[in-house]
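Q: One predicted model, sequence on top.
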Amino acid sequence: MSNQLMEFSSRVGQESWRLMAQRALDELSENTDFDRFTALLGAALIPVAEVLREPIEKARDSRSMADQMVAICSRQLRGLLEPVIGKEES
């Protein structure tokens, strides 16, 4: 991914996260941590599904394309979580 694309992803992703986190604090403060987590995860996955919708709809084999898109998302998510998880020692 080019620097421009990575910068866009990081900037817009962080903006989206700050908005969602603030809305959760404002609107869901009475809920448990787990309930807020569940609501935030659902809110975050809606835009992901919308991004994936077009390539899946255009694919000849939508089921296979959906599996491929989910696998890509899984790899990218794991990469984003690595700083929290920590690298396995070789």
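A: Nice, thanks for sending it over. Bear in mind the structure is a predicted one, so any value in this text is a computation, not a measurement.

Q: which stretches of the chain form helices?
A: For the chain, the helices defined by DSSP state H occupy 3-28, 33-58, 62-85.

Q: how about the ones you listed in TSV, adding mean pLDDT and mean neighbour count?
A: Using the backbone N, CA and C atoms, a C-beta is placed for each residue, glycine as well. Formatted as TSV, these follow (pLDDT from 0 to 100; neighbours: other CB atoms under 10 Å):
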stretch	mean pLDDT	mean neighbour count
helix 3-28	95	11
helix 33-58	96	12
helix 62-85	94	11
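
Q: List the residues that contact S2.
A: S2 makes no contacts at all, as judged by CB atoms under 8 Å, 6 or more residues apart in numbering.

Q: try it again with 10 Å
A: By CB atoms under 10 Å, 6 or more residues apart in numbering, S2 lies in contact with F8.

Q: And it, how far from F8?
A: Here S2 is placed at a distance of 9 Å from F8 (CB to CB, to the nearest Å).

Q: cool, and D61?
A: From D61 to F8 the distance is 30 Å (CB to CB).

Q: Same check on R75?
A: Applying CB to CB to R75 and F8 gives a distance of 19 Å.
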